[in-house]
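S.K.: Got a sequence here, can you build the structure:
(2 chains, ligands or ions: 2)
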Amino acid sequence: MIPSVPFVEGLYASMLRIRRVEECIADLVERGEVLCPCHLCIGQEAIPAGICAALRRDDYVWGGHRSHGHYLAKGGDLTGLLAEILGKPSGCSGGRGGSMHLFAPEVGILGTVPLVAATIPLAVGAALATRRLKTDRVSVSFFGDGATEEGHYHESVNLAALWKLPVVFVCENNLYASHLSLSERRAAEAIVDTARALGVPGDQVDGNDVLAVHTAAVQAVAHARAVGPVFLECRTFRWRGHVGPAEDLDVGVRRRADLAGWMANDPIARAGAWLQAAGMDAGRLAAIERDAREEVRAALARAKAAPDARPEDAGAHVFAARVE
Amino acid sequence: MPGRTSSRRGWNEIVRTLTYAEAIREAHALLLASDPRVFVVGQGVWSPWYVGSSMQGLDVEFGRDRIMDSPVSENAVTGLAVGAALAGLRPIVVHPRMDFMLLAVDPIVNQAANWSYMFNGALGVPVVVRAIVNRGGEQAAQHSQSLQAVFAHVPGLKVVMPATPRDAKGLLIDAVYDGNPVVYIDDRWLYGESGEVPEGLYRVPIGTGRRLRTGTDVTVVATSIMVPRALDAAERLNRAGISVEVIDLRSVKPWDRDLVFSSVRKTGRLVVADAAWEGFGTAAEILAAAATEVLDALQAPPRRVCLPDTPAPMSRHQERAYYPTAESIAAAVQATTTTTRGARSGALPADA
Ligand SMILES: Cc1ncc(C[n+]2csc(CCOP(=O)(O)OP(=O)(O)O)c2C)c(N)n1
Ligand SMILES: [Mg+2]
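M.R.: Ligands and ions are numbered 1, 2, ... in the order given. Next comes the predicted model:
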């Protein structure tokens, strides 16, 4: 099936927006206005955009330390994200978490946290809840290649398989976990095989091709909703360092050499080329660009204008309110 | 270290000035060079991003088969270290953040801590579990924790927290040869601190504290990052006419009761500074022991300078208020000099 131009335009705009937001965050870090560690997904935008476009607003999305893209693609509020990163009480997590702890329950994000693999079992638990509560939501777990080295990743895939839970496991395999490449961390190449071994069907997808990601996601989500867990290994590459805006800090020659090829394989440029080939004129693409920049500019101004956190509020919310 | 001045202390001790991180590195280098059973495993040991300069170049010097950077597998890597220790090696397993070490609680708490006891003392677990405390910089709740009390609570584990370069080196060496699982906790906030460090393989005995400043009015017992802050506070208070004795606890478990109690008998006042949560913590343990052992000597209620019962906040404005400083210690010391036990009990209601 050939996707429609307006639909691809939506994916393109979603990716471009994520990139412009993250470039803005990179600037804030460089200028010292943001202190909290920020892990950017620049270069990987096709995965959050392609997957989340296959989801309903009430489906769950779980993420980790590198989750600006997940939050934005799922519909999290941009001003809330920027305010959070600035540590403002108006931030999406009340300024308690910063970049690594995002929260948008209105669009199915019950918390992204930086402990690697921590949210994988939580995603499985949310899937159990959707079943028990007789809804047909799916629970999408985004995690990196590094996360699959944790034992609880494997335990979680097994539980989801055993209990046939509506989980889509999305491994964003960017070939690195901080400073170590994939081959320095595992002997077997294909991460998808770890899921297959536990009885979960899965595929490897070109993670820089938003249409391929989206097509795979539509099938995966349908399968998860109706049958049980699915695994997608999306191959990609992050352009920036493990954390922060620099291109890289400590991973040496190899990554630098590979980066050029991956930048030439830019998911946004690829989608733009598709749109142009389908007849979209350059003016329309420029308008999408203008809109994204304007939205980011306005959101940043709003986020900055909000009041700072007060020291005397640091002790609030250690416990939540009682629930019946 | 090339380019550094060195001097002789005593008949055979050559002392140089090193940073805390350099001292940790030197301890590793000497252990690796002198004992083929020693190896290091853990995340980020090839990368300054994780371990600062505390492991710099060791992988090149000793080979990557003895300095093993690892996948993101805290639990398995720690279990592997425990198994290797049981089978004759002397592993140092590195957790670049203490927060991540919580994924390895089973091999530390259920396995290593109990092994000697479960097998009637026939086989100990000579493993060093190195945990790095890394906090501040708006890293928030999951990248900030200092969990010495959690591990000190467990029978069979020893816990050390060096505050000075000299102890950072000597305690690591002692830990490797303790014969038991030792949780060695170093703090990134100390990595740049300099101090005199002897050359060679010397040991700082686990279980001993060190008096860093003598005083007569108040005893301040401090751990890790609170030690320089306590010294700073003592200096300021000295100018205000209060004489503070500062004890670097350096070994949380076992801790040097004799040193602490003899100091409290002399000063009659006690403040414990520990940059971890106050409740059920290291400072609580010391205060409880002081209440049991040296109550007669205490002229004022003892005090703690710790973190509030709150996870680490994120915003810089809240972080600043969250972490105790030299001023917090000075204020607690002053409070012990202005209250007395007599005044307290006099304030009790008549029917008490
Ligand atoms: C339990 C745990 N261990 C280690 C870390 C440190 N850490 C943060 S991100 C990261 C790499 C994760 O790599 P991957 O899962 O591939 O995600 P990527 O950063 O490539 O997006 C590591 C090791 C952590 N945050 N949590
Ligand atoms: Mg990765």
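
S.K.: where along the stretch 251-352 of chain B do the strands fall?
M.R.: B:251-253, B:270-277, B:303-307 (DSSP state E, counting those that start in this stretch).

S.K.: Ok, which of these comes nearest ligand 2?
M.R.: The minimum distance between ligand 2 and the strands of the stretch 251-352 of chain B falls on strand B:270-277, with 32.0 Å, by CB to the ion. Every residue, glycine included, has its C-beta placed from N, CA and C.

S.K.: Residues in contact with that closest one: which ones?
M.R.: Around strand B:270-277, the neighbours that count as contacts under CB atoms under 8 Å, 6 or more residues apart in numbering or on different chains are B:146-149, B:218-226, B:229-230, B:260, B:264, B:281-283, B:286-287, B:290, B:298, B:302-309, B:323-324, B:328-329, B:332-333, B:336.

S.K.: let's see it at 7 Å
M.R.: Contacts with strand B:270-277, where a contact means CB atoms under 7 Å, 6 or more residues apart in numbering or on different chains, come from B:146, B:148-149, B:218-226, B:229-230, B:264, B:281-283, B:286-287, B:290, B:298, B:302-307, B:309, B:323-324, B:329, B:332-333, B:336.

S.K.: again with stretch B:25-40
M.R.: Residues contacting stretch B:25-40 (CB under 7 Å, 6+ apart): B:18, B:53-56, B:58, B:61-62, B:66-68, B:88-92, B:94, B:169, B:172-173, B:176, B:201.

S.K.: Next, the buried residues of that stretch.
M.R.: B:Arg25, B:Glu26, B:Ala27, B:His28, B:Ala29, B:Leu30, B:Leu31, B:Leu32, B:Val38, B:Phe39, B:Val40 (16 or more other CB atoms under 10 Å in any protein chain shown).

S.K.: And the residue of chain A closest to ligand 2?
M.R.: Residue of chain A nearest ligand 2, by CB to the ion: A:Gly144 (3.6 Å).

S.K.: what's the burial count for that residue?
M.R.: 26 (other CB atoms under 10 Å in any protein chain shown).

S.K.: Next, it: phi, psi?
M.R.: phi -90, psi 180 (degrees, to the nearest 10).

S.K.: doesn't A:Ser178 make contact with it?
M.R.: No - assessed by CB atoms under 7 Å, A:Gly144 is found out of contact with A:Ser178, at 9.7 Å.

S.K.: What score does the residue nearest to B:Asn180 when sequence neighbours are not counted have for pLDDT?
M.R.: In space, and not counting its chain neighbours, B:Asn180 is closest to B:Gly124: 5.3 Å by CB to CB, 6 or more residues apart in numbering or on different chains. Note on B:Gly124: pLDDT of 96.

S.K.: for B:Gly124, helix, strand, or coil?
M.R.: For B:Gly124, the assignment made with DSSP: H, G, I helix; E, B strand; the rest coil gives coil.

S.K.: Any figure for the gap between it and ligand 1?
M.R.: Using CB to the nearest ligand atom, to the nearest Å, B:Gly124 is found at 28 Å from ligand 1.

S.K.: cool, A:Gly108 as well?
M.R.: From A:Gly108 to ligand 1 the distance is 21 Å (CB to the nearest ligand atom).

S.K.: about what we covered before: against chain A, how distant is the residue nearest to B:Asn180?
M.R.: Shown here: B:Gly124 relative to chain A, a distance of 26 Å by CB to the nearest CB, to the nearest Å.

S.K.: Give the full set of residues in contact with that residue.
M.R.: B:Trp115, B:Ser116, B:Gly179, B:Asn180.

S.K.: let's go with 6 Å and repeat that
M.R.: Listed by CB atoms under 6 Å, 6 or more residues apart in numbering or on different chains, the contact partners of B:Gly124 are B:Ser116, B:Gly179, B:Asn180.

S.K.: and the last one, what pLDDT?
M.R.: To tie it back to what came earlier, the one meant is B:Asn180. For B:Asn180, the predicted pLDDT is 98.

S.K.: in chain A, what spans have low per-residue confidence?
M.R.: A:248-254 (pLDDT under 70).

S.K.: tell me, what residue is most central in it?
M.R.: Residue closest to the average C-alpha location in chain A (CA atoms, centre = their mean): A:His70, at 3.2 Å.

S.K.: Can you name the residues that contact it?
M.R.: By CB under 6 Å, 6+ apart, the contact set of A:His70 is A:Pro48, A:Val61, A:Gly63, A:Phe142.

S.K.: A helix includes the last one, no?
M.R.: No - residue state for A:Phe142 (three-state DSSP) corresponds to strand; a helix is not indicated.

S.K.: Double-check it against A:Gly63; I have them as touching.
M.R.: Yes - at 4.7 Å, A:Phe142 counts as touching A:Gly63 under the criterion of CB atoms under 6 Å.

S.K.: In the stretch 251-352 of chain B, what residue spans correspond to helices?
M.R.: Counting by DSSP state H, counting those that start in this stretch, the stretch 251-352 of chain B has helices at residues B:257-267, B:282-293, B:316-322, B:326-338, B:341-346.

S.K.: Appreciated, that's everything.
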